[in-house]
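> Task: produce atomic coordinates for the following.
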Amino acid sequence: MPTIVTCILTTISLLITLSCLYLYYKSNRNKDFLYASFPFICSTLLLFVHIQLTTYATPETAVYWTKLKYLGVFGYLIAFPLFISSLSKKKVSTRAIGIAGFVTLLFFIFTFSTDLIVSERVVTYGNSLRADVGILYPYFMLVFFGMAISYFIMYIRIFTGAKTNMKTRVNYTPITIGIVLAIAFAIIDVAGLVIGKPFIKSIPYPFVIGTIIFILSYLWSFLSQYSWFFVALDRSQNKIIQLTERSDKSVLGFVQLIARTLDAKDHYTAGHSLRVMDYAVKIAKSLDLSKNEIELLKHACLLHDIGKIGIPDGILNKVTPLTGEEREHILNHPVLGKEILSTAEEFHDILDIIYAHHERIDGNGYPNGLKREEIPLLARIIAVADTYDAMLSERPYRKALSKKEAIGELKRIKDSQLDASLVETFIEDIASNN
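Reported below is the predicted structural model:
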């Protein structure tokens, strides 16, 4: 591959890496963007080292550059499970990441401290200099490919289940094809290194080609998960412009309009967001929270269920018990709500509140199982107000509770589901006089 083309691709990969890290910083430390950067970090390093080996390497520097190349190669072991998490929105087990990290570190140590993987002998390979492989190179690469294939199986299992999940609007075809081709080219590359010459003469550097294919396919799939939102924005742009031109209402008034629209989607809870705001603001005032905190609380209350816009009406108003898959839709609405609101800078201060309003004090809530003070105070306030109003509202699967029954239920679940001090404040100062 011409050096100029490789330089351009290296620059693109570096820019994508920096962009992911910037989005991670600007999106309230959204780990999806951080995890997405890892494969591009490895790819950038691989392409950069390839340029050094094919253009500038000397017999004195070839060993160093070859070893540095494998820093990028083995880095994929830890990057792979993280990119699975960034695409699927499913947490990869700590054990899998721990094993990947340990093996990667072991590979690094053997590569840089011994000549068992990369030897000190410089050879000509293709049209460039590089260090020859060590005696244990084939065995280490066998472990590498074994782990890569096991991760690919994990990837298939996760993504096959995610295809029917509303929270993962990802086009999986490009990355699936990209991974298969990348592994195939990597195997060809390793085979050539073992026999001492390119396995396919017309493709002297198959690992580089596989890396480029992986970069492009991964970028395609990663960006596809956001395409649905941009389409929706495009369709709504004219309506939004018309609304803002003829309306001089405050931001709160506009948010109230959104809340009423969301409430209309579920006719059993019409007005729910406004009532939750009323209860929550009274709790906040009892706690002497600042005016700024109360304004944030108002916006968060009105938009706390915005993620339900992604739940089909048939599930939202279903009378019979939900299936496991249907329940996943319900449990995902805080995640989807945060994703939707994160695109507008005006709502960044309430993202964590929206995301955490279904967490429980005992750590059995969702989506992250936070406990007690790990849950933002405003999210805990919303949880109390939301729970109380939900119990007073008739649902498809049950009758509404009376005020007395609802207060009794609040007392029962305080300090397990809800913050006990906030429940006491609500009952003593608000619910009893409502």
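> Where does residue 122 sit: helix, strand or coil?
strand (DSSP: H, G, I helix; E, B strand; the rest coil).
> For burial, what's the neighbour tally of it?
18 (other C-beta atoms under 10 Å). All C-beta atoms are positioned from the backbone trio N, CA, C, and that covers glycine.
> Identify the residues contacting it.
By C-beta atoms under 8 Å, 6 or more residues apart in numbering, the contact list for residue 122 reads 59, 62-63, 129-132.
> show me the contacts for residue 297.
Neighbouring residues of residue 297 by C-beta under 8 Å, 6+ apart: 277, 280-281, 284, 289, 353, 378, 381-382.
> rerun that using 7 Å as the cut-off
By C-beta atoms under 7 Å, 6 or more residues apart in numbering, the contact list for residue 297 reads 280-281, 284, 378, 381.
> Going by distance to residue 103, which of those wins?
Of all those, residue 378 has the smallest distance to residue 103: 42.4 Å, by C-beta to C-beta.
> which stretches of the protein aren't confidently modelled?
1-3, 27-29, 89, 92, 161-170, 225-270, 312-320, 324, 394-398, 430-434 (pLDDT under 70).
> According to the record, where do the domains of it fall?
3-225, 239-433 (automatic domain parsing).
> related to what we said a few turns ago, mind giving me CSV with the contacts of residue 122 and columns for neighbour count?
Shown next, in CSV, are those (neighbours: other C-beta atoms under 10 Å):
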residue, neighbour count
59, 8
62, 23
63, 20
129, 21
130, 22
131, 24
132, 18
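> List the ones among those that fall in strands.
Within the contacts of residue 122, residues falling in strands by DSSP state E are 129-132.
> now these in TSV, with distance to residue 49?
Shown next, in TSV, are these (distance: C-beta to C-beta, whole Å):
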residue	distance to residue 49
129	12
130	10
131	12
132	16
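> re earlier: out of the contacts of residue 122, which two sit at the greatest distance?
Maximum distance among the contacts of residue 122 (C-beta to C-beta): 12.1 Å, for 59 and 132.
> in terms of contact, does residue 107 touch residue 74 like I think?
Yes: shown here, residue 107 and residue 74 form a contact pair, counting by C-beta atoms under 7 Å, at 4.2 Å.
> Looking at those two, which has the bigger crowd around it?
Taking neighbours as other C-beta under 10 Å, residue 107 and residue 74 compare with residue 74 leading, 24 against 21.
> Check which strands are paired with the strand or helix carrying residue 119 and give the direction for each one.
Secondary structure assigned from DSSP states H and E places residue 119 in strand 118-125. Here strand 118-125 is paired, per DSSP bridges, with strand 128-133 (antiparallel).
> Report the distance from the next helix or strand after the partner strand to the chain centre.
Downstream of strand 128-133, the first helix or strand assigned by DSSP H and E is helix 137-162. Averaged C-alpha coordinates place helix 137-162 at 21 Å from its chain's average position (C-alpha atoms, centre = their mean, to the nearest Å).
> Output the contacting helices and strands for helix 137-162.
Counting contacts by 3 or more C-beta pairs under 7 Å, 6 or more residues apart in numbering; DSSP states H and E, helix 137-162 packs against helix 62-88, helix 94-113, helix 173-195.
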